[in-house]
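[1] Next input, structure requested:
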Amino acid sequence: MSDSSPLPPVRLHSEAELARDALSTPLLSRAARLARWAGPDTRVDAGGGLVDEQLPAAAEALGLSGDDAAADASEAWRVAVDAGLVEIADEEEGTVRAGEDLALLTGGSPHDVLAVWLTALETVLADASVPDLDGLLDQDGEVDLSGLDWDPEAEAEFLDGVLGNLYLLTAGEDAPGGAPVPLPALAASVIVPSDMGEPTNDVLEQVSDAMMRLDDQFRMLEPVGLVEYQPVDEALMADADEEPAAPVDETDVSRYGMVRLTPLGLYGMRARLLEAGFEAPAVGDLADKGADALLDGTAAFPPAAAQAETEQWLQRRESLAAARELLAAARGSDTGAPLRRLRCQQALSLVGASAEPALREVLDDAELGGLARVWLTEHGAADVPAPSEEMVYWLTIDTVAAQLAAEGNSEELGALVEGLAQQHSGFFAAVWRVDHPATADVLEAMGRLHPDKKVAKEARKAAFKARSQQGG
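    Model (predicted):
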């Protein structure tokens, strides 16, 4: 995932909601309970971990039982130390005291709570990149690292890539969290080359291996609240000779694991991406900025996100003043100006009739007069002057240029181009004269998009004339 282009905007829950989610995650709540449980008799080893003799008591304090109780208590303690909920008081004695950040969980702001949670998340992500060492124990119970094929940097990069792709898939949804993603598809997204048609057996084996790694990693990441995870069906990992305990649906893709970022996980991933230098917008980022930032910032947003961002921006402003600011920001002859005017028109559609004076003020403006007439007509205003033929053609070029910038050569744009040529007789004979910076580019696009070869040829001839007129 390149950090050179902005990621899709995400819609986050409020910090208050996210802080409540963070406090209720199993891992952070356990870490906080252990931090409050620790006392003068608590002892840690040289690495800050609880000594083995105290793990049973820690597990009991957390209400944990079973084979994994001690390991889960140890993980919660490590998170408590890393997140500043517990501090080492005396390294030689191995004593501890409550950390400064423990009080933030009850007395801090939502942002403070989320900062603690983000630290806990980094601890878990680091742990998730470490392979299972149980199979590497020698006869003396020591870890034999000679049999370990592990590149810590590559493993962390792999997990970051997977989570980055999961973020992209989540950001493409209308609601935080999105739909669950099948684990095979997520693994394939970082293994299978984008230009590969049919994956080879070797690539498919790599995807299968990646799925097994991710199954372990997502099981670790769920307790910290990053993901909701449905693990791989244990029956799939059983020996082929074994009979399944119950009939299985071979077409059920969920058996291979399903994962989604939680709303808290979406927040956490965005924070990590921003820290890594990515441009990762969130809806609401532009609410306190000027209209120029709004129109430019939402230029690449999907429609639903653009509307949500614009609604938040308008909520902070009086309608008439907002309309005037939007119209002023929509002016310009640069390549981004047509799309700004389209976003301006879409924003003005959300403004009530009280904005009418602002639209009337620009009726004679060469760049804004056309969209002003459209708005006034749609709002049932009286005495709206008819546009000149020159203004109609200028607005047509501007609209198509904006759609090209927003959508490229889409089917919808193709239908628009076809309709324009049908509605206006002599369209190409007149439109090439329009004094708009994008006239030649729009006509060339119309030549590419129009299905009728004769009409397409007319468009290309008109584009040549327009470019000659512009001196290009």
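[2] Could you list the alpha-carbon positions for stretch 423-435 in CSV?
    Taking Å, rounded to 0.1, in the frame of the first residue of the first chain, the C-alpha atoms of stretch 423-435 are listed here in CSV:
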residue,chain,number,x,y,z
GLN,A,423,-30.4,16.9,-27.7
HIS,A,424,-28.5,19.7,-29.4
SER,A,425,-28.4,19.8,-33.2
GLY,A,426,-25.2,21.3,-34.4
PHE,A,427,-23.7,20.7,-31.0
PHE,A,428,-20.1,20.1,-32.2
ALA,A,429,-20.2,22.9,-34.7
ALA,A,430,-20.8,25.3,-31.9
VAL,A,431,-19.3,23.9,-28.8
TRP,A,432,-15.6,23.9,-29.9
ARG,A,433,-15.7,27.7,-29.7
VAL,A,434,-16.5,27.7,-25.9
ASP,A,435,-13.9,29.6,-24.0
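[3] any idea of the mean pLDDT for it?
    Mean per-residue pLDDT for stretch 423-435: 84.
[4] so how far is that stretch from its chain's centroid?
    Put simply, stretch 423-435 sits 42 Å off its chain's centre (Cα atoms, centre = their mean, to the nearest Å).
[5] What of stretch 78-91?
    Computed by Cα atoms, centre = their mean, the chain-centroid distance of stretch 78-91 equals 33 Å.
[6] Next: stretch 217-227.
    Distance, centroid of stretch 217-227 to centroid of chain: 18 Å (Cα atoms, centre = their mean).
[7] can you tell me the distance between the two ends of it?
    End-to-end span of stretch 217-227 (Cα to Cα, to the nearest Å): 11 Å.
[8] and what of stretch 270-283?
    Termini of stretch 270-283 sit 12 Å apart (Cα to Cα).
[9] Identify all contacting residues around it.
    1, 3, 5-12, 118, 164, 167, 297, 301, 305, 308-309, 312 (Cβ atoms under 8 Å, 6 or more residues apart in numbering). (Glycine included, C-beta is placed from N, CA and C.)
[10] residues touching Ser118, list them.
    For the record, residue 118 is Leu, not Ser. 268, 271.
[11] Quick check: what element follows whatever helix or strand it lives in along the chain?
    If you go by DSSP states H and E, Leu118 is part of helix 110-128. Proceeding N to C from helix 110-128, the next assigned helix or strand is helix 152-171, under DSSP H and E.
[12] Keeping just the C-alphas, turn that next one into CSV.
    Extracted as CSV, the C-alpha positions of helix 152-171 are listed here (Å, rounded to 0.1, in the frame of the first residue of the first chain):
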residue,chain,number,x,y,z
PRO,A,152,10.7,-10.2,12.6
GLU,A,153,10.7,-7.3,10.2
ALA,A,154,9.1,-9.3,7.3
GLU,A,155,6.5,-10.8,9.7
ALA,A,156,5.5,-7.3,11.0
GLU,A,157,5.4,-6.0,7.5
PHE,A,158,3.1,-8.9,6.4
LEU,A,159,0.7,-8.3,9.2
ASP,A,160,0.7,-4.5,8.6
GLY,A,161,-0.1,-5.2,4.9
VAL,A,162,-3.0,-7.5,5.8
LEU,A,163,-4.4,-5.0,8.2
GLY,A,164,-3.9,-2.2,5.7
ASN,A,165,-5.9,-4.1,3.1
LEU,A,166,-8.6,-4.8,5.7
TYR,A,167,-8.7,-1.1,6.4
LEU,A,168,-9.1,-0.3,2.7
LEU,A,169,-12.0,-2.8,2.4
THR,A,170,-13.6,-1.3,5.5
ALA,A,171,-13.2,2.3,4.3
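[13] quick one: strands adjacent to the following helix or strand past that helix?
    Per DSSP H and E, the first helix or strand lying C-terminal to helix 152-171 is strand 181-182. Sheet pairing for strand 181-182, assigned by DSSP bridges, gives strand 258-261 (antiparallel).
[14] what's in contact with the partner strand?
    With Cβ under 8 Å, 6+ apart as the test, strand 258-261 has contacts from 166-167, 170, 177-183, 186, 214, 218, 226-230, 269.
[15] can we see that at 7 Å?
    Under the criterion Cβ atoms under 7 Å, 6 or more residues apart in numbering, residues 166-167, 170, 177-183, 186, 218, 226-230, 269 lie in contact with strand 258-261.
[16] Show the subsequent helix or strand relative to it.
    From strand 258-261, the next helix or strand downstream (DSSP H and E) is helix 263-275.
[17] now the angle between helix 110-128 and that following helix, please.
    80 degrees (axes from the mean of the first three to the mean of the last three Cα atoms, to 10 degrees).
[18] which intervals of the stretch 1-150 of the chain have sub-threshold pLDDT?
    Scanning the stretch 1-150 of the chain for pLDDT under 70 picks out 1-5, 132-150.
[19] Buried ones among the contacts of strand 258-261?
    166-167, 170, 177-178, 180-183, 186, 218, 226-227, 229-230, 269 (16 or more other Cβ atoms under 10 Å).
[20] thinking again about what came up before, which among the contacts of stretch 270-283 count as buried?
    Applying 16+ other Cβ under 10 Å to the contacts of stretch 270-283 flags 7-12, 118, 164, 167, 297, 301, 305, 308-309, 312 as buried.
[21] Now do the contacts for the residue positioned nearest the centre of the chain.
    When Cα atoms, centre = their mean is applied to the chain, the residue found nearest the centroid is Ala171 (3.3 Å). Contacts for Ala171 (Cβ under 7 Å, 6+ apart) come out as 7-10.
[22] If we use 6 Å, what do you get?
    Contact analysis of Ala171 by Cβ atoms under 6 Å, 6 or more residues apart in numbering lists 8, 10.
[23] Show me how far stretch 60-76 is from its chain's centre.
    Computed by Cα atoms, centre = their mean, the chain-centroid distance of stretch 60-76 equals 34 Å.
[24] What is the end-to-end distance of that stretch?
    Stretch 60-76: ends 13 Å apart by Cα to Cα.
[25] Output the contacting helices and strands for the strand or helix carrying Leu342.
    Using DSSP H and E, Leu342 maps to helix 337-348. Contact here means 3 or more Cβ pairs under 6 Å, 6 or more residues apart in numbering; DSSP states H and E; on that basis helix 337-348 packs against helix 291-297, helix 319-330, helix 389-407.
[26] give me that answer again for 7 Å
    helix 291-297, helix 319-330, helix 369-378, helix 389-407 (3 or more Cβ pairs under 7 Å, 6 or more residues apart in numbering; DSSP states H and E).
[27] which of these has the lowest average pLDDT?
    Mean pLDDT values for the helices and strands packed on helix 337-348 show the minimum at helix 389-407, a mean of 90.
[28] circling back to that earlier point, so which of the buried ones among the contacts of strand 258-261 sits lowest on pLDDT?
    Gly177 (50).
[29] CA atoms of the helix holding Leu118 as CSV?
    Written as CSV, here are the backbone C-alpha positions of helix 110-128 (Å, rounded to 0.1, in the frame of the first residue of the first chain):
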residue,chain,number,x,y,z
PRO,A,110,-11.9,9.9,26.0
HIS,A,111,-8.8,10.9,24.0
ASP,A,112,-6.6,10.0,27.0
VAL,A,113,-8.3,6.6,27.2
LEU,A,114,-7.8,6.0,23.5
ALA,A,115,-4.1,6.9,23.8
VAL,A,116,-3.7,4.2,26.5
TRP,A,117,-5.6,1.7,24.3
LEU,A,118,-3.4,2.5,21.3
THR,A,119,-0.3,1.6,23.4
ALA,A,120,-1.9,-1.6,24.4
LEU,A,121,-2.7,-2.3,20.7
GLU,A,122,1.0,-1.9,19.7
THR,A,123,2.0,-4.5,22.4
VAL,A,124,-0.5,-7.0,21.0
LEU,A,125,0.5,-6.4,17.4
ALA,A,126,4.1,-6.9,18.3
ASP,A,127,3.2,-10.2,20.1
ALA,A,128,1.1,-11.3,17.1
